[in-house]
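In: here is a sequence together with a model predicted from it:
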Amino acid sequence: MTIHQTGLLQEMTLADQVFYKIQNAIINGDLAPGSKISEPELSRIHGISRGPLREAIHRLEGQKLVERTAHVGARVVSLSHQQLSELYQIRENLEGLACRLAAQRIDKQQILALRDVLKKHAEDKTFKAGEGYYKQEGQDDFHYCIIKNSGNKTLEKMLCDELYHLIRMYRIQFSNTPNRPPKALNEHIRILDAIADGDGELAELLMRRHIAQSYKNIEQHWMSSQGE
């Protein structure tokens, strides 16, 4: 967690703080997929009553990071192979579309802002150490910014609200594959160059390839963990 994020947490209510701490734990893999969400344990760890804690868990359900089943309770989401494949099919198609739309409408200032995002990524200590790709979210996330620049509010709602944190969880947990982070950065640079040139067709193709490669990386990990 960065100093900036720590400062924001200090300004939040206790319920908000707990929500973001649990969210980060799930996204970073500290709370493993499928693990049970124990309200008594979390209440004790964070010094919070059950009411605000249940509100936080409900918000995490809305982000699709937690799922609740009858007779089991709340658990960290754990997608099946088929569900993960379907999620990435949706992502590949919709983010490709976002690139094509962004290339049609983006202005010079927005291009400069996106180049600044990629510069931050390249200068990140974790990235330079070869330990993974840049993990920031929102306006510091290249994919998020591309979608925001697409001008399509329905697309934005789907990818920046409904599915964002679920996708981000898989992106982060599989970002430390050897040699993948520098390749991903180079792919981002090529995508942005195509958008800056107004070549929506190329930008869409490059983003689709980028996400397909990310899924291939995840699938290799998946097969390995299943012993297949």
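Out: Perfect, I can see it now.
In: show me the protein divided up by domain.
Out: Per the TED database, the structural domains of the chain span 4-76, 81-226.
In: name the SS class of Ala74, please.
Out: The local conformation at Ala74, judged by DSSP: H, G, I helix; E, B strand; the rest coil, is strand.
In: any idea how many residues pack against Gln63?
Out: Other residues near Gln63 come to 20 when the count uses other CB atoms under 10 Å. Backbone N, C-alpha and C define where each C-beta goes, glycine included.
In: show me what contacts it?
Out: By CB atoms under 8 Å, 6 or more residues apart in numbering, the contact list for Gln63 reads 23, 164-166.
In: again, 10 Å this time
Out: 19, 23, 26-27, 77, 161-166, 168-169 (CB atoms under 10 Å, 6 or more residues apart in numbering).
In: try Leu159
Out: 90-91, 94-95, 97-98, 143-144, 146-148, 150, 152, 167.
In: tell me where the chain has helices.
Out: Using DSSP state H, the helices found in the chain span residues 3-11, 14-27, 39-46, 50-62, 81-105, 108-123, 125-128, 142-148, 153-157, 164-173, 180-196, 200-225.
In: tell me how far the shortest one is from the chain's mean position?
Out: Mean C-alpha position of helix 125-128 versus that of the full chain (CA atoms, centre = their mean, to the nearest Å) differs by 18 Å.
In: that one - what's its average pLDDT?
Out: In this model, helix 125-128 has a mean pLDDT of 78.
In: any idea which helix or strand in this structure has the lowest mean pLDDT?
Out: helix 3-11 (a mean of 49; mean pLDDT, DSSP states H and E).
In: how much space separates His46 from Leu163?
Out: As judged by CB to CB, to the nearest Å, His46 and Leu163 stand 27 Å apart.
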